Each structure stands twice: as structure tokens, then as C-alpha cells.
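Visitor: Next comes the sequence, and after it the predicted model I'd like to discuss.
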Number of protein chains: 2
Amino acid sequence: MIEKIKAAAERLKSVAHETPVMTSRTLNRLAGADIFLKCENFQRMGAFKFRGAYNAIRQLSDAQRAAGVIAYSSGNHAQAVALVSRMLGIRTVIVMPDNAPATKRHATEEYGATVIGYDPALTAREALAAELQRQHGYVLIPPFDHIDVIAGQGTAALEMCAQVGPLDMLLVPCGGGGLLSGSAIAAGALSPGCRTIGIEPELGDDATRSFRTRTLQTVHHPQTIADGTRTASLGKITLPLVLEHVSDMRTVSEAAIIEAVRFLFFRMKLVVEPSGALGVAALLSGSVKGRGRVGIILSGGNIDGPTMTRILSTAPVQD
Amino acid sequence: MIEKIKAAAERLKSVAHETPVMTSRTLNRLAGADIFLKCENFQRMGAFKFRGAYNAIRQLSDAQRAAGVIAYSSGNHAQAVALVSRMLGIRTVIVMPDNAPATKRHATEEYGATVIGYDPALTAREALAAELQRQHGYVLIPPFDHIDVIAGQGTAALEMCAQVGPLDMLLVPCGGGGLLSGSAIAAGALSPGCRTIGIEPELGDDATRSFRTRTLQTVHHPQTIADGTRTASLGKITLPLVLEHVSDMRTVSEAAIIEAVRFLFFRMKLVVEPSGALGVAALLSGSVKGRGRVGIILSGGNIDGPTMTRILSTAPVQD
């Protein structure tokens, strides 16, 4: 699998941004460790999802490209698939619930995708996507449970290890487990002994429970502010990869997530979406005890105005 | 003067951050030029002001250090002087109006400074600072009209030229003219032919009028959102430097400043305060027509929650 990640990195060279790694004396002091923040909020379309989408779509055959691609997502995966397809001249259909924020629909359409809405109370998005696939022959690009997508996501950690050297610990947000499993494999290969820890919101702790019980657990429509991790469960491919390569899983409260976004905004001048701030939340809340050289993947920066306003107007937690 | 800037850069080596330069395909497309953003929002204490304060305070004699320093400011200069003095073990007094935001007072105190409040309706800050100087022997560190402060500020442009190579144009926010004159001198020396253009809010256009008339003009309590540029006028030292080294001055509307902060937030994931966004505002609003390779100094990122909330809730200008 590490070979697939290295091949993905070759494919992404001069296509994806080599995102910077930021540090902060204040964060180091608060965490009692040397913290390295991999800024995937500066990635193209604002999140690591570009890596996986590009790696998967770039490998489609000519016939598949001619047929077009389809994805179901109201978040960063939709924008990633739309941007990559536009770059490669491939027709794209995105299936998105009618109640998705207008800004997300608009951003996806701006990248040239056709957005097909549906009423989530009446229709399952998987069924609708399958029907569209059947009718039109589109190729489905899954958000995480796909080996090329996982390999692409792993390139962020691979790149980070090359930038900063060996790590003792790597903290990675976990939704469907694509970024987490790819990161754990990359860090395990490039930085032997590095413990990769997946971080989830308490409200969406399915992967943590799956990890503990070694059986797939699910969660339904978790009301966490970390919208990138509202996925119902790990996937058929990501579950065994997480069980094999990830050292531990931890959860963080909603208050800790909000504090972390505020810290990144006020102290580090970084715009990071709630899901992207999970690693910092784990350190600052004490859910993970920092030790040695700690990498954190800031997975994305796509936050809308109302959500940021809500976070900025939340009174800081008293120490 | 360029020698003083180079000496300042030596002094700041491994003390100030070498801040990154960011680029954006979208911004290049919108501006029709290659844009390089020098991210002084990532500088220590969140703004370029650290450079000037350090360069000035570092050169004080032992006797001056023992006496302590004083500054009057409710903004980034206060925090810069406080941080530098703490680093060098020097006692600091900051004179700040009673109506300054509690967050600014708190941030300055966190850096270990003693804040002395005054009622701006009853007392002139200069008079109060002069009285404290007389009583206690403090050394005054002026916010811009001081040769060592100007030389320190010039290191940001010096560093940028070394990072990205020659520029055709450099856009710099202008308050009291310390950053602007230092930048113009540095860019003129390292990138001959580069036109340095100072950018001011329309509501605080004193330096633009001074530039056109070649006579010192003032403005009183301009109500611009760009609080870092509310300075009443250029200084005795900065006025002639601006007249000699700056190629032009331009102004931008409040709406353009807000649009620029929004663009940097949503598209580039950068937290930039309104004053820091003046260069981007000039480009995006057409106040400056981009050409060739254009450097922009994002001078700082210290924005409070209510101001950012106001900006995020402002409806975007329609194209």
C-alpha cells in the first residue's frame, strides 16, 4: 500500500500544492511537545480531498473518462471531484441533498459540475447515484472507501514526513477513515515508531467504537459542528486498514473543537474548518497527551460565514 | 538607509519569523498578474510591527534598557514593544486609552507590559507619555517616525525580494508610513525598477494627499475599519522618505477592504486584519491595475471577533 501512496505522490507532483507546515511557540508550550501543523487548508479547493480525488480520477481509462464521473457529497469531496474533473476535461455529476447550504452547491457548480438535488427524506443518495450510474454509465468516485482515494489522501502525511523528518505521534481527523488509514500507512513507513491516532468528535464516535470492538459500528446523523466527520461509519476497506495501522482513537467534545478553531484563528491566523481542527482540539483539551514531535493534519479550511460567526461569538472556555 | 535595513535583517535573523509567501491561481486570474503575498500576519505577535520594535529596542544602551521603555498605542505596536521588551528583559509601560478594546489591553498585558489608561477626551497621549518619560526616565519607542523602526519594517520587503526574486510592483499598506518607506527603500535596492505603491483607506487619505501636494496633510479620527491606518499623518522622517522612494499612492473604499478580507478568508484561508488587506483590496477593486510580478505585504492578522463577524456577515459585492 505504501507503494500506491508513493505512486500517488508522483502523480500529484506539480498538480497538488506542497502545503506548508506551520509551528507555534504558544502551541508547543501549551501542549508540552513540538507540534507540526500540516496545512491542508491551503490545499487546492481548500482540503486534502483534492489528493484522493485526483489520484482516483487520473487513473480512469479513456472509456471511463468519456462516460463521466459521479459522486454523492455535500462537502469537500464534491468540490474535489468537480475541480479534478474540470482539470481533466471530464463531465461530472454531483448528487447533493436539497437542504445542502446554497454556498456549497454554488461552489461545486462553480467548478463546472452538474448538481442533482434530492429530498433526503424521500430518497437515499446511494440509490439515486446508482440509478444515475446505470442510466448514464457514470463512474462513481467514492469519498473514502476506495483504494486509490485512500492512497491519494496518504500523500499528505508522506509529504509532511519528508518536510519535517521523523515524528513520534501523528494526529489525524477521522470521518470515513480514508485520510486516517492513508496517513497511518505513510507515517508507519516513513517514520517507524510513529503512533498515528485518529480523532473524532464525541458526537460521532463510530470509528472509535469500531476500533475498540474491532467490529463496524455506525452513528446516525451526528449533530457535530465538524461536518466533515458526520459519515455514518468506516468503510469495508478503511475498517481493516484502520485496525491494522492506527495506534489509537480518541474523541473530543464540541467545546474543544470550537476552542481549537478559535485558537487557530486568533493565535495562528489560520482559517481551519471544525473537522480540520480535531487534532489541535485533542491536544489542547488533553484528550491526547503530546509527547516528542507531534504532527497534526489540519485537513481543510472550508468553513462558511455563519459557522465561523457562531464560533467567534462563543465565549472562550475558562482555564 | 538600505544598509540600516540589511543590518536590521541580520539583527532579526532567527528572532523574527521568516514569513511565507503565498500565491493563488484565483487571485492571479482576477488580477491579471502574478501576485505574491508576504504573510506578515504569521509574524510574531501577528504583525510586521515586531520587526521595527525589535530593531529599535535591541539597539538601546544598557542604561536605556535599565530605565525601561514606553510606547503609546492601542494596537499592534503596543504588543510588539511589549513582546520585544519581555524577550530582552526590559520593563515596559504602554499608554492606552480607557476605551481601547479589552482584548487589546489584555493581549498587551499578557506580554508582561504595564498598561496605563487615560481618558482620551481629557488627556493627549503624547503629553501623558512625555510626563511619564520625564518622571521615570523611560525611553520612548515611537510607532513609526524613528529611523530604527523604519529600518526594521523594511526587512519584510527585503526578505520577500530574496524569497521570490524581482518584482515589478509592490503594494504596501500606509498608516504612519514606517512600513511603506522601509519597503520602498528595500524594494528599490533589491529589485530596481520596482514601483512601490502605498495603499490607504479613502476615509484616511492623509498620506495620499501629502504625496500629491508634497506637504504634510492630516486626517482626524478617520472611521475606517482599517484600524492600523487611523494615524493622523505621516511623520517628520517618513514624509520625506515617502516622497523620495514611493512611486504612487492609491486609496480604497471600505467596501473594497471588506471584500479583500473576505477573499483572503474564504479563498486563501488566511486571517488578515483590514489594514493588512489594503493591497489586495487595491488590486481586486481596480484601484491599482496589476502588471507583471506584484508583491503585496499582508501586514498583519490581529482582528477581533466582532470585527470579523461584521465582515463575514457583509453581503459580498456583486460583480
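Guide: That came in fine, so what should we check first?
Visitor: gap between the two ends of stretch A:238-257?
Guide: Start-to-end span of stretch A:238-257 (C-alpha to C-alpha, to the nearest Å) is 24 Å.
Visitor: no, scratch that, I was asking about stretch A:96-107
Guide: One end of stretch A:96-107 to the other measures 12 Å (C-alpha to C-alpha).
Visitor: And chain B, is it touching that?
Guide: No: against chain B, stretch A:96-107 shows no contacts by C-beta under 8 Å from any C-beta of the partner chain, the least distance being 9.1 Å. The C-beta positions use only the backbone N, C-alpha and C, and glycine is treated the same way.
Visitor: ok, and for the top helix by length along chain A, which residues are buried?
Guide: Ranked by residue count under DSSP state H, the longest helix found in chain A is helix A:147-164. Neighbour counts over helix A:147-164 (16 or more other C-beta atoms under 10 Å in any protein chain shown) mark A:148-161, A:164 as buried.
Visitor: and the helix or strand following that helix, how far from the chain's centre?
Guide: Helices and strands here follow DSSP states H and E; after helix A:147-164, the next one along the chain is strand A:169-173. In terms of C-alpha atoms, centre = their mean, to the nearest Å, the centre of strand A:169-173 is found 12 Å from the chain centre.
Visitor: Pairing partners for strand A:169-173, with directions?
Guide: strand A:195-201 (parallel), strand A:293-298 (parallel) (DSSP bridges).
Visitor: Report pLDDT for the residue sitting furthest away from the middle of chain A.
Guide: Relative to the centre of chain A, the most outlying C-alpha is that of A:Q135, 30.3 Å out, by C-alpha atoms, centre = their mean. A:Q135 carries a pLDDT value of 92.
Visitor: Now do it against chain B, distance only.
Guide: Remark: distance between A:Q135 and chain B (C-beta to the nearest C-beta, to the nearest Å) = 35 Å.
Visitor: That residue falls within a helix, correct?
Guide: Yes: using DSSP: H, G, I helix; E, B strand; the rest coil, the assignment for A:Q135 is a helix.
Visitor: SS state for A:S287?
Guide: With three-state DSSP as the basis, A:S287 sits in coil.
Visitor: That one: neighbouring residues, count only.
Guide: For A:S287, the count of nearby residues is 18 (other C-beta atoms under 10 Å in any protein chain shown).
Visitor: OK, contacts around it?
Guide: By C-beta atoms under 8 Å, 6 or more residues apart in numbering or on different chains, the contact set of A:S287 is A:199, A:250-252, A:256, A:281.
Visitor: near chain B, which residues of the stretch 51-200 of chain A?
Guide: Within the stretch 51-200 of chain A, no position is adjacent to chain B by C-beta under 8 Å from any C-beta.
Visitor: ranges for the helices of the stretch 51-200 of chain A?
Guide: With DSSP state H, counting those that start in this stretch as the criterion, the stretch 51-200 of chain A has helices at A:62-67, A:76-88, A:102-110, A:125-136, A:147-164, A:178-190.
Visitor: which one of those has the lowest average pLDDT?
Guide: Note on those: lowest mean pLDDT is at helix A:102-110, with a mean of 85.
Visitor: Who are the packing partners of that one?
Guide: Under the contact criterion of 3 or more C-beta pairs under 8 Å, 6 or more residues apart in numbering or on different chains; DSSP states H and E, helix A:102-110 touches helix A:76-88, strand A:92-97, strand A:114-118.
Visitor: Hey, what's the angle from the longest one to helix A:147-164? Just curious.
Guide: Read that as helix A:76-88. 90 degrees (axes from the mean of the first three to the mean of the last three C-alpha atoms, to 10 degrees).
Visitor: any idea of the mean pLDDT for stretch A:235-255?
Guide: The average pLDDT for stretch A:235-255 rounds to 98.
Visitor: Just the buried positions in that stretch, please.
Guide: A:235, A:237-239, A:241-242, A:245-246, A:249-254.
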